[in-house]
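> No letters, just coordinates:
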């Protein structure tokens, strides 16, 4: 069967004006689709290398598998993290209480998440995750697979690869992150929590 590009639960224009139709469509149909193709290729090539006993290629294809697999996984979470936006969008329920307990307030959480995400060197992701003890952590992931914290369940991701926002925001990453919060699907974050 192989891995497949997930369908979105909304149209490409549904997240306007915060996330523009052109970027969203390119991001989904070209960039995410590229990670899916790369993942399927890595799986096939890794199997082939093992079957042929060519273990010199295993390390290479495992790296490709990690890169494309993590890219596919994080993008899949990202699409689910989004919904039609509003200016006063914020979390509710148990995740809101956990955010307030951990960070002091929703605004302090938003400030820390934004600063950590803005500081990603090069390409990567801002992440809110829940640890094995129920603790919340904010961290950045470089590329798709570097600086991951094992054992943490990802609740929320913000894509800051330039392809995620460049048509509308160009090099204004901070503006993209600010508007990202207006389209976060907090109900989905609550389910993951």
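Everything's here; your move. Here the structure is a predicted model, which is why all the values come from computation and not from measurement.
> quick one: the strands in this structure?
Ranges of strands within the chain are 124-130, 136-142, 153-159, based on DSSP state E.
> Please work out the angle formed by the directions of the second one and strand 124-130.
Okay, so that is strand 136-142. Interaxial angle, strand 136-142 versus strand 124-130 (axes from the mean of the first three to the mean of the last three Cα atoms, to 10 degrees): 160 degrees.
> Report the buried residues of strand 136-142.
For strand 136-142, the neighbour count (16 or more other Cβ atoms under 10 Å) marks 136, 138-141 as buried. In this view, the C-beta of every residue, glycine as well, is placed from N, C-alpha and C.
> for these, which one is nearest residue 49?
Relative to residue 49, the closest of the buried residues of strand 136-142 is residue 141; by Cβ to Cβ it sits at 27.0 Å.
> re the thing from before, of the buried residues of strand 136-142, which is the nearest to residue 65?
Nearest to residue 65 among the buried residues of strand 136-142 is residue 141, at 16.5 Å by Cβ to Cβ.
> Could I get the contacting residues of the closest one?
70, 74, 120, 124-125, 127, 147-148 (Cβ atoms under 8 Å, 6 or more residues apart in numbering).
> For it, report the pLDDT, please.
For residue 141, the model assigns a pLDDT of 92.
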